[in-house]
Structures are given as C-alpha cells and as structure tokens.
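J.: Quick one, structure for this:
(one chain, ligands or ions: 1)
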Amino acid sequence: MALRASPQPLRYHTLGLCGRIAWTGYHQKETAPGSRQCKGSATQSLVTVGNRKNHIARAIALAPPEGENAVMKEVRFPKLVTPRLLLRAPSERDIPAWFARATDVESASLAGDPVPDDISSGKQWLARSRQRLADGQAIQWSIDRAGISDAIGTITLSFSATDAKAAALGFVLARAHWGLGLGGEAAREVLRYGFETLALEQVEAEAAARNSASLRILAKLGFKHIGSFIDESDGEPCERFVLVGGNWRKDRDSNPDGLSASAL
Ligand SMILES: CC(C)(COP(=O)(O)OP(=O)(O)OC[C@H]1O[C@@H](n2cnc3c(N)ncnc32)[C@H](O)[C@@H]1OP(=O)(O)O)[C@@H](O)C(=O)NCCC(=O)NCCS
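T.: Okay, here's the model as predicted:
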C-alpha cells in the first residue's frame, strides 16, 4: 500500500476529524501537509475565502431557519430531511450524546478521532462547530432519528482551503444505530445538498482500510478510490476516495436506488 495518495490531496479546513478527513470539531491535530487531517491552509487565498463565504451564505439563506443560538440567529442553518432523519444545527443539548459517541473507543479508532478526557470537551466541540460554520469553513449537522430523543450522530462537510468547489465528507453514528443504513441515508442527503445547492464539483472522503461499513457506504454512493496512505497520527492504513458532481448526478439518474459500482 502506497504511503501517499496520488494525485496530491487537497487541503481542508479540518480540526481533528470525523470520517478521517472531515472534522469533529473539538480537537485540533497538528499534521503535516498531505496527511489526512489537514488543517486550514496557510496558502489559502482571500479570494477563495470570500467566494466560499458567499457561496455558503447564499445556500444558507435559502434554507429554513434554525434559530437555536446566537450564531444560528444570524445565519439560516441548512436543515436537511430524509425519510428517517433530520439533520440540523448542533446545540448544547447534543453535548452528552456527543461525549458518549466520542468516548466509544472502537468508534473513535475507526474514525481516527481522539478520545476526549471529560465532557467539558463538548463545549469546545460545539464552539468550533459554530465557528467553522460562521467562517464558512465547514457545515456540521447533528443527526436526529425519528422517535429518538438524543442526536444519534454527526455528519460534516469540510470545505477545501484551496478549492472553492471541493469539500470533504465525514460521519459518525452512535453504536446503537449502526447497521441500519442510517449512515448512508444521511450521507446521500448531504451529498445532494453539496452538489445541488452548494454547486460543489467534488467531495472527498477517507476511511481506515479496516472500516468496512464506511468503505461500503462510500462505494454505494459512487465514490471512486484514488489512493492509499498511512495516517501519521495513529499509523492506520487508510483509503482516499473522491466523488465528482458529474458522477453523482449520473449515478442518481441512472439508478434510482443510488447503488453504483464499487471501486473496491
Ligand atoms: C461508519 C458508520 C457511520 C456506518 O453507518 P451505518 O449506518 O452503521 O452503516 P450502514 O448500516 O449504512 O451499513 C453500510 C454498509 O456496510 C455494511 N457493513 C456494516 N458493517 C460491516 C462490517 N463490519 N463488515 C462488512 N460490512 C459491513 C452494511 O451491511 C452495509 O452494507 P449494505 O447496505 O450493502 O447492507 C458507523 O458504523 C459509525 O459511525 N462507525 C464509527 C465511526 C466511523 O467509522 N465513522 C466513519 C469514519 S470514515
């Protein structure tokens, strides 16, 4: 397995991660350029930042209001709905459920996330999530499942620091909700939003090579394998994927179930 993917990956506004490449938002890992948890790029151009902020602001303005907190009162959060799920802005009430997920050691290891020491990390997670949204660097949704009081997970689009039309996808569900197709259901809706509303041209994702559920979800969504690498932070063999907007539309149109050929 190659140590670095080819072509060279884009750089993303990531702070820690969720789904290896996108971020959970409470912990910043310092990593070398090119490793899977890229932080905000020092080479980011002001034009790109401006375009990105306008891009997201336009999209958010089209979405229904969330109104849960100070940040959300200023921008309309892009609430998304699927048959079984509501994707909404993270809030204070999500912190205990977030902490429970984040301290599931197997889940954290699969996702490449650090395990927080105590629940006070939850405030940092929420603050960073809101700040990243306000800065136009990422959108993180809390995932509600019908009939369940606590959020069952998060899903995140982290925008490229160098390409206004590119983003990275990451997701984490609480263990009690694994194996029901909910991860794929949430990811499909976020991709629809990314390609159709935000007019993204490509979405990347990374997963540990042993993360069978994630690999399966990405393959079913039409992601193509573009490289393998070792995550320097934990020595984990990982795979990198990309889904381009053209393929997303073609796959969706040609197959109503959205099942596309696996790249693996
Ligand atoms: C990854 C995760 C979000 C998957 O969500 P999920 O809702 O449980 O996944 P799904 O139920 O949609 O299952 C996806 C597919 O993987 C398959 N799958 C699940 N676990 C598997 C396993 N251990 N081995 C092989 N296949 C598996 C399922 O059968 C399903 O395939 P199918 O639709 O063809 O039946 C969830 O497991 C999770 O949060 N894991 C911990 C954190 C993590 O790994 N995040 C992603 C990092 S890249």
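
J.: hey, let's count contacts and neighbours off CA atoms from now on
T.: Noted.

J.: residues from the stretch 151-264 of the chain in reach of the ligand?
T.: Within the stretch 151-264 of the chain, the positions adjacent to the ligand are 171-174, 178-184, 206-207, 212-214, 216-217 by Cα under 6 Å from any ligand atom.

J.: Can you show me the helices along the chain?
T.: 46-62, 70-74, 95-102, 105-111, 121-134, 182-192, 212-220, 245-254 (DSSP state H).

J.: Which of these has the lowest mean pLDDT?
T.: Ranked by mean pLDDT, these bottom out at helix 70-74, which scores a mean of 45.

J.: So for Lys165, what's the nearest residue that isn't a sequence neighbour?
T.: Spatial nearest neighbour of Lys165, excluding adjacent residues (Cα to Cα, 6 or more residues apart in numbering): Leu200 at 4.5 Å.

J.: Quick one: residues in contact with stretch 90-104.
T.: 68-69, 107-108, 113-116, 118-119, 121-123, 126, 129, 140-142, 150-153, 173-175 (Cα atoms under 8 Å, 6 or more residues apart in numbering).

J.: Generate a ChimeraX selection restricted to the buried entries among the residues you listed.
T.: Those of the contacts of stretch 90-104 that count as buried under 16 or more other Cα atoms under 10 Å are selected in ChimeraX with:
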select :107,108,113,114,115,116,119,121,122,126,129,140,141,142,150,151,152,153,173,174
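
J.: rewinding a little: which entries within the residues of the stretch 151-264 of the chain next to the ligand meet the buried criterion?
T.: Here, 16+ other Cα under 10 Å leaves 171-174, 182-184, 206-207, 214, 217 buried among these.

J.: Around Cys128, how many other residues sit close by?
T.: No, residue 128 isn't Cys; it's Arg. 20 (other Cα atoms under 10 Å).

J.: hmm, I was thinking of Gly235
T.: Gly235 has 10 nearby residues by other Cα under 10 Å.

J.: Which pLDDT value belongs to it?
T.: 94.

J.: Let's test this: what are the backbone torsions at it?
T.: Backbone torsions for Gly235, taken as degrees, to the nearest 10, come to phi 70, psi 20.

J.: any idea how far it is from Ser109?
T.: 11 Å (Cα to Cα, to the nearest Å).

J.: Contacts only, for the closest residue to Arg145 other than its chain neighbours.
T.: The spatially closest residue to Arg145, leaving aside those adjacent along the chain, is Leu85, at 4.7 Å (Cα to Cα, 6+ apart). Leu85 makes contacts with 143-146, 182, 186, as judged by Cα under 8 Å, 6+ apart.

J.: ditto for Glu239
T.: Neighbours of Glu239 in contact, by Cα under 8 Å, 6+ apart: 206-209, 225-229.

J.: One more pass at 7 Å, please.
T.: 206-209, 227-229 (Cα atoms under 7 Å, 6 or more residues apart in numbering).
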